[in-house]
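Colleague: With the input below, show me the fold.
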Amino acid sequence: MPYLWLKAVHVAAVLLFIGGLFAQTFALAAAEATAPLARWDRLATVPAMLLVWVTGATIAVEAGWFASPWLWAKLAFVLALTGLHGIQSGKLRRLRRAGGEPSAATPALRVAAFIATAVASIAVLVVAKPF
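Modeller: Below you'll find the predicted structure:
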């Protein structure tokens, strides 16, 4: 697959994945783990996350970037976002089983701020390649 197409698929998958993370965050804040959200997560967010990893790794291998420190910094953010997805998915499953009763207030604005900061940091690292 040519580089530009691979990059385009990667960016599209990133957008879907990050959108899914925000949807999870605000659903948890509203204590509303609905079946459509679970279906969206299973059919769109998870495949997008996997596509982000596969296309990103392919691009990094083709470009020979694994020796670059900026890539490792980016991967730390991507790993944190992937972990956040897993944590929130588990919380949503438990919330659905409990019938929508929240166990504790979700710090939605802090989580959303973390997601936005991580995504902005990734964008700067990828575009500027500062180190």
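Colleague: What residues of stretch 7-23 count as buried?
Modeller: 9-10, 13-14, 16-18, 20-21, 23 (16 or more other Cβ atoms under 10 Å). C-beta coordinates here come from the backbone N, C-alpha and C atoms, glycine included.
Colleague: so how far is that stretch from its chain's centroid?
Modeller: 7 Å (Cα atoms, centre = their mean, to the nearest Å).
Colleague: pLDDT of that stretch, averaged?
Modeller: Averaging pLDDT along stretch 7-23 yields 96.
Colleague: tell me which of the buried residues of stretch 7-23 is nearest to Gly99?
Modeller: If you rank these by distance to Gly99 using Cβ to Cβ, Ala23 comes first, at 20.2 Å.
Colleague: Check which helices and strands the host helix or strand of the closest one sits against.
Modeller: If you go by DSSP states H and E, Ala23 is part of helix 3-29. Helices and strands touching helix 3-29, by 3 or more Cβ pairs under 8 Å, 6 or more residues apart in numbering; DSSP states H and E, are helix 35-40, helix 46-63, helix 69-97, helix 108-128.
Colleague: what's the longest one packed up against?
Modeller: Translated: helix 69-97. helix 3-29, helix 35-40, helix 46-63, helix 108-128.
Colleague: try it again with 7 Å
Modeller: Other elements packing on helix 69-97 under the criterion 3 or more Cβ pairs under 7 Å, 6 or more residues apart in numbering; DSSP states H and E are helix 3-29, helix 46-63, helix 108-128.
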